[in-house]
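Asks: got a structure for you, letters missing:
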């Protein structure tokens with residue numbers, strides 16, 4: 001799609017009818033399903049690994065969660081190698097029509113992105129083992145090897161998104177929606193939801209419940225979420241894209257709270273300050289589903305607005321709604337009323353000291369009214385900028401067919 005054509009269309013206008021670039025496929029390609037399995041494995045493995053650290057400690061490298069995480073890199077490497085070599089050296093004209101050229105090799109764009117991600121993930125494995133041996137067996141989430149691993153997982157996810165997107169765009173003609181297109185769109189939104197899970201996993205230490213009366217969580221959420229919501233909504237053309245993807249994040253987090261404590265676990269490292277007997281689950285999910293619904297409703301009513309107008313309104317709306325729902329809910333999470341199996345505030349890390357803010361259920365660095373007002377203003381600007389970028393890139397993604 002040309003820049004001129006993009007500028008003439010409204011941000012959330014329906015796609016116009018256009019010829020199909022190639023004959024429609026009989027169904028969803030097998031490698032897309034394999035990519036979805038790979039990302040799901042990494043997501044479950046990542047959540048399980050954090051619980052393992054909080055319950056048992058990093059007692060070995062080849063733990064079950066690590067195997068699930070690195071299975072994503074192996075699957076990505078295998079399917080992408082097949083796509084690249086089969087397209088480059090094979091005889092399928094159909095495969096070549098839906099491929100791009102990178103350094104003389106041909107494959108769909110998503111295959112090259114996922115291949116890089118798989119390589120980054122597998123490269124991070126020995127680096128992570130060295131890091132823990134050198135600097136400690138239970139370091140923070142955001143360490144150099146973990147950052148490389150997260151970037152690799154994110155690249156695999158983006159690559160799979162592009163594989164689905166290209167097939168979905170080739171299937172879309174502006175006519176009656178086909179069953180294959182609906183399946184591809186559902187898979188696209190599912191992977192989009194796992195991307196939101198990944199964003200929230202990256203922000204886990206920033207959005208800890210005892211920090212939710214400070215400025216940093218709201219700035220971080222506005223930096224990382226509106227851009228993804230806008231991108232997914234634009235590229236998928238789904239009416240409730242934000243709500244669906246936020247619901248997937250919420251469902252994964254709630255499932256972890258309800259399922260993980262069913263399995264016994266005991267600390268293997270010290271010091272042990274809290275008697276852990278079962279896997280410790282994640283904190284209760286941030287209520288991103290509420291601003292997600294608000295964004296969907298806003299975008300359904302602003303189809304004739306310009307990108308910058310939608311972006312400004314979205315940045316303010318996301319930030320204000322996020323603050324209004326999360327601030328009082330955070331107070332509830334630190335109260336006695338939340339101490340049950342559903343909200344999960346009865347679970348603590350084995351190394352949580354009895355006088356720590358987490359165990360004492362006290363706020364960490366709470367912000368005053370003036371500080372929060374300034375922080376929310378900045379968060380609104382960051383959210384607006386992210387929404388604008390997401391809308392622009394998401395619009396470009398509608399034209400991807402390779």
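Replies: Yep, it's here. In this text the structure is predicted, and so the values were computed from the model without any measurement.
Asks: and residue 75, how far is that from residue 114?
Replies: Residue 75 sits 9 Å away from residue 114 when distances are taken as CB to CB, to the nearest Å. Yep, even glycine has a C-beta here, placed from its N, CA and C like the rest.
Asks: In terms of neighbours, single out the busier of these two.
Replies: residue 114 (34 against 21; other CB atoms under 10 Å).
Asks: helix, strand or coil for the residue of the chain positioned farthest from its centre?
Replies: No residue in the chain sits farther from the centre than residue 91, which is 36.4 Å out by CA atoms, centre = their mean. Classification of residue 91 by DSSP: H, G, I helix; E, B strand; the rest coil places it in coil.
Asks: State the pLDDT value of it.
Replies: pLDDT, residue 91: 78.
Asks: before we move on, what about residue 190?
Replies: Value for residue 190, per-residue pLDDT: 96.
Asks: Could you double-check that it lies in contact with residue 33?
Replies: No. The pair residue 190 / residue 33 is not scored as a contact, 11.3 Å apart, by CB atoms under 8 Å.
Asks: So for the two, which sits in the more crowded spot?
Replies: When residue 190 and residue 33 are compared for neighbours, residue 190 comes out ahead with 17 against 13, by other CB under 10 Å.
Asks: how about the nearest residue to that one, chain neighbours excluded?
Replies: Excluding the flanking residues, the one nearest residue 190 by CB to CB, 6 or more residues apart in numbering is residue 248, at 6.5 Å.
Asks: Now the element after the host helix or strand of residue 155, going C-ward?
Replies: Applying DSSP states H and E as the criterion places residue 155 in helix 144-171. Counting by DSSP H and E, the next helix or strand C-terminal to helix 144-171 is helix 179-202.
Asks: name the helices or strands packed onto the helix or strand following that following helix?
Replies: Note on helix 179-202: by DSSP H and E, the next helix or strand toward the C-terminus is helix 216-236. With contacts taken as 3 or more CB pairs under 8 Å, 6 or more residues apart in numbering; DSSP states H and E, helix 216-236 sits against helix 179-202, helix 241-259, helix 289-301, helix 307-333, helix 369-397.
Asks: try 6 Å this time
Replies: With contacts taken as 3 or more CB pairs under 6 Å, 6 or more residues apart in numbering; DSSP states H and E, helix 216-236 sits against helix 179-202, helix 241-259, helix 307-333, helix 369-397.
Asks: Report the buried residues of the helix holding residue 155.
Replies: 145-146, 148-171 (16 or more other CB atoms under 10 Å).
Asks: Just want the angle from it to helix 216-236.
Replies: 30 degrees (axes from the mean of the first three to the mean of the last three CA atoms, to 10 degrees).
Asks: Show me what helix 144-171 is packed against.
Replies: helix 30-55, helix 109-135, helix 179-202.
Asks: If you rank every helix and strand of the chain by mean pLDDT, what lands last?
Replies: Lowest on mean pLDDT, DSSP states H and E among the helices and strands of the chain sits helix 3-8, with a mean of 42.
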